[in-house]
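**Student:** attaching a predicted model along with its sequence, questions to come.
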Amino acid sequence: MPAINDPTFLRRIALFHELDLGDLAILNGLMRRQEIPAGARLMSSDTQGDSAYVIRHGAVKVHVEQEDGRDVIVAILGPGEIVGEMSMVDRETRSGSVVTLEDCVLFWIDREAFQRCLRTMPKLTLNLTEILSRRLRIANERIKALATLDVYGRIAHHLLVLAQEYGEETEAGTRIPIRLTQGDLASLVGASRVRVNQALVVLKRRGAISTDQHHHITVHDEDVLARAY
């Protein structure tokens, strides 16, 4: 069964942007739709990668578990992103584990089919290259933030990045449609949960952000976040 009834919908996803209808139909026939609940492990580090996933709804965290039990979040990925693509390209084992942060709807494709499409669909290959380039830029900025900013600045930087990448415009501001607990933010910026809480309190007092009961953050003033680093 195809992943979706109308394959032209796939053009809204960065990986499939501007692909012609014939290629979309092929991909739609190769991919499968899967619903996964929050808190489920999608893939584990150091295992052989045999499939890649495109997020239609929901969000996941890519993380590495340390020997001392600490959890380091490498990235948080939301709607439209692809996850597991590195193993599809280089045939190496997974570089991190992936867990769903909320209920997700995913499209998945196996490695052989994905590599075949990369060889025969130049636009798909170009789109993947652009996605990986963007992620490298974001990773470089994150490394810079970790090396030069305090916790307050790192939190502000990451919230601004998430708002720019996934934000939904509302009357109140830019809502980040990803469930972000203080624990996840702490693992993302390399700080304690207490320090993260203190930084969030300051940002709320300054009118930069607000949070709801579902751990969704709305950015009200991007300038306040930008001035923090």
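**Tutor:** Structure received.
**Student:** which ones are touching Lys25?
**Tutor:** If you look again at residue 25, you'll see it is Ala, not Lys. Going by CB atoms under 8 Å, 6 or more residues apart in numbering, Ala25 touches Pro7. Placement of C-beta: from N, CA and C, glycine included.
**Student:** and it, what pLDDT?
**Tutor:** You'll see Ala25 listed with a pLDDT of 95.
**Student:** now His214
**Tutor:** 89.
**Student:** same question, Val64
**Tutor:** pLDDT at Val64 comes out at 89.
**Student:** so it makes contact with Gly96?
**Tutor:** Yes. Contact criterion CB atoms under 8 Å: Val64 and Gly96 qualify, at 5.0 Å.
**Student:** show me the beta-bridge partners of the residue nearest in space to the middle of the chain.
**Tutor:** Geometric centre of the chain, nearest residue: Leu77, 0.7 Å, by CA atoms, centre = their mean. Beta-bridge pairing for Leu77 (DSSP bridges): Val60.
**Student:** ok, it to Leu24 distance?
**Tutor:** 22 Å (CB to CB, to the nearest Å).
**Student:** coming back round to it: shared neighbours, Val64 and Gly96?
**Tutor:** Both Val64 and Gly96 are contacted by Ser45, Val74, under the criterion CB under 8 Å, 6+ apart.
**Student:** who has more neighbours, those two?
**Tutor:** Gly96 (20 against 14; other CB atoms under 10 Å).
**Student:** doesn't Val60 make contact with the more buried one?
**Tutor:** No. With contacts counted by CB under 8 Å, Gly96 stays clear of Val60, the gap being 10.6 Å.
**Student:** the helix or strand harbouring Ser133 packs against which elements?
**Tutor:** Element membership for Ser133 (DSSP states H and E) is helix 122-148. Counting contacts by 3 or more CB pairs under 8 Å, 6 or more residues apart in numbering; DSSP states H and E, helix 122-148 packs against helix 21-30, strand 71-77, helix 85-90, helix 111-120, helix 151-166.
**Student:** contacting residues around Gly153?
**Tutor:** Here Gly153 is in contact with Ala145, Ala228, Tyr229 (CB under 8 Å, 6+ apart).
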